[in-house]
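A.B. asks: A predicted structure for the sequence below; I have some questions about it.
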Amino acid sequence: MSGVAMPRTMVLVSMVLFAASAAIEGAITICVIQAIERLNAGFVAQPRASDRRTLAVLGAAAVALGAVGFLVASAAPDGIERLGIQLGLTAKTVLHAPLAAYSFGSFVESAWMRRATAGLAGLLLIYAVCAATARWLVRRRSA
């Protein structure tokens, strides 16, 4: 961290502006790609359908990389957590994380295994949300 103190309001406004900018840039990119495709059909390469074996290998590699990352993750706070501590945002809890402190369940005695289980559970949760959103968008688009 730079050590430069930033007012909480400035940080929150910056985060909102960054999120809005990212959404607008994404929308612009999609519009440009669609316009190019209309003007010059075939200019944008359409992806081939992947076979199940390729998807299974990529999925297994992603889970393996995720598991290794969770196993070697530091117990020290990450950048966003450190920023929250510096800004005093830790005193006011607005939303409680389901996998707080990267610990999942009391059924496992090992702290290492609880952390790994929480990380994998989080990874699966994010995957499920992304997969459900993708299916919903595909169905909506084809209707």
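C.D. replies: Received, thanks.
A.B. asks: where are the low-confidence patches of this protein?
C.D. replies: 1-4, 70-78, 90-108, 143 (pLDDT under 70).
A.B. asks: Quick one: the helices in it, in order.
C.D. replies: 8-39, 52-71, 79-87, 111-142 (DSSP state H).
A.B. asks: Make a markdown table out of these and add distance to residue 46 and mean neighbour count.
C.D. replies: C-beta here means a position set from N, CA and C on the backbone, and glycine is covered the same way. Output for these, formatted as a markdown table (distance: least, CB to CB, whole Å; neighbours: other CB atoms under 10 Å):
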| stretch | distance to residue 46 | mean neighbour count |
| --- | --- | --- |
| helix 8-39 | 9 | 10 |
| helix 52-71 | 17 | 12 |
| helix 79-87 | 37 | 12 |
| helix 111-142 | 14 | 13 |
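A.B. asks: can I get those in a markdown table with distance to residue 45?
C.D. replies: Shown next, in a markdown table, are the helices of the chain (distance: least, CB to CB, whole Å):
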| stretch | distance to residue 45 |
| --- | --- |
| helix 8-39 | 10 |
| helix 52-71 | 17 |
| helix 79-87 | 36 |
| helix 111-142 | 19 |
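A.B. asks: Now do the residue most central in space within the chain against residue 140, distance only.
C.D. replies: For the chain, residue 126 is the residue whose C-alpha lies nearest the centre (CA atoms, centre = their mean; 6.9 Å). Shown here: residue 126 relative to residue 140, a distance of 21 Å by CB to CB, to the nearest Å.
A.B. asks: now residue 125
C.D. replies: 23 Å.
A.B. asks: Over to residue 19?
C.D. replies: 23 Å.
A.B. asks: Could you do residue 25 as well?
C.D. replies: Applying CB to CB, the value for residue 25 to residue 140 is 22 Å.
A.B. asks: same deal with residue 42?
C.D. replies: Counting by CB to CB, the gap from residue 42 to residue 140 is 25 Å.
A.B. asks: again, but for residue 51
C.D. replies: Taken as CB to CB, the span from residue 51 to residue 140 is 26 Å.
A.B. asks: Show me the protein divided up by domain.
C.D. replies: Domain ranges of the chain: 1-46, 47-142, per automatic domain parsing.
A.B. asks: So residue 127 versus residue 121, what's the distance?
C.D. replies: Here the criterion is CB to CB. By it, residue 127 lies 11 Å from residue 121.
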